[in-house]
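*Asks:* Quick one: sequence plus predicted model below, questions after.
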Amino acid sequence: MLRLLLVRHAQSIANQKGITQGQKVDEPLSELGKKQAQKLAQGLKNEAIESIYSSDLKRAMHTTEEIQKLVNKKCIVDKRLREKDHDTEKNEDLTIRCKSFLEDIKQLSGTVLVVAHGGSTRAILGISTGDRKKGADLVKDMKQYNACINELHFQENNWLIRKINDVDFLEPFERSS
């Protein structure tokens, strides 16, 4: 069985300022984001993570680097996990990228950690339902806090969502979107 821990990156400086980032604005983590990433890493350090995948954008990579300090695994950088390019991509393009990524990791087993973005995590969660309308309804107004954990299992050729937007490891004042 494949267990996928799908994480949205910790707060970036642009998130803190309320700026939509996409791919063009690629800010590092804010001070709060650094704390979120450290707490996220603490929460994941006892997981039996087999592999780590991350978007190549700074905010995801910085989050991944904090996790790698406590989880001794190399990171596989995958541009398909990037946030949507709001200037050139449609939602369908993001969905195609994320679906391709999910297809490629289906043969893995154990726990796989993926660090991505709000749009790509929502796309992956929507795709995992296996039903276009159900997936769209699920993610339409879905909140994805910075540094949240989503958990999915792939078994018997189906994705099962076990957890969405878990930030229990953060204090209420540390939660941001």
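*Replies:* Nice, I can see it. Here the structure is a predicted model, which means the values were calculated and not measured.
*Asks:* mind listing what the residue lying farthest from the centre of the chain touches?
*Replies:* Centroid-distance maximum for the chain: residue 156 at 23.3 Å, with Cα atoms, centre = their mean. For residue 156, the contact set (Cβ atoms under 8 Å, 6 or more residues apart in numbering) is empty. The way it works is simple: take the backbone N, C-alpha and C, and place the C-beta from them, glycine included.
*Asks:* And it, how far from residue 124?
*Replies:* To residue 124, residue 156 is 19 Å away according to Cβ to Cβ, to the nearest Å.
*Asks:* And for residue 152?
*Replies:* 8 Å.
*Asks:* Show me whatever sits in contact with both of the two.
*Replies:* With Cβ under 8 Å, 6+ apart as the test, residue 152 and residue 124 both reach residue 6.
*Asks:* Neighbour count for those two, which is higher?
*Replies:* The neighbour count for residue 152 versus residue 124, taken as other Cβ atoms under 10 Å, is higher for residue 124 (26 against 21).
*Asks:* How is the residue lying closest to that one once chain neighbours are set aside assigned, secondary-structure-wise?
*Replies:* Nearest non-adjacent residue to residue 124, counting by Cβ to Cβ, 6 or more residues apart in numbering: residue 98, 5.0 Å away. Per DSSP: H, G, I helix; E, B strand; the rest coil, the secondary structure class of residue 98 is helix.
*Asks:* Any idea how many residues pack against residue 98?
*Replies:* Other residues lying near residue 98 total 25 when counted by other Cβ under 10 Å.
*Asks:* In CSV, list the C-alpha atoms belonging to the lowest-mean-pLDDT helix or strand in the chain.
*Replies:* For the chain, the helix or strand with the lowest mean confidence is helix 132-139, at a mean of 86 (criterion: mean pLDDT, DSSP states H and E). This file holds the C-alpha atoms of helix 132-139, laid out as CSV (Å, rounded to 0.1, in the frame of the first residue of the first chain):
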residue,chain,number,x,y,z
ARG,A,132,-14.5,14.9,-11.9
LYS,A,133,-17.7,16.5,-10.4
LYS,A,134,-17.1,15.0,-7.0
GLY,A,135,-13.5,16.2,-7.1
ALA,A,136,-14.4,19.7,-8.2
ASP,A,137,-17.1,19.9,-5.5
LEU,A,138,-14.6,18.7,-2.8
VAL,A,139,-11.9,21.3,-3.6
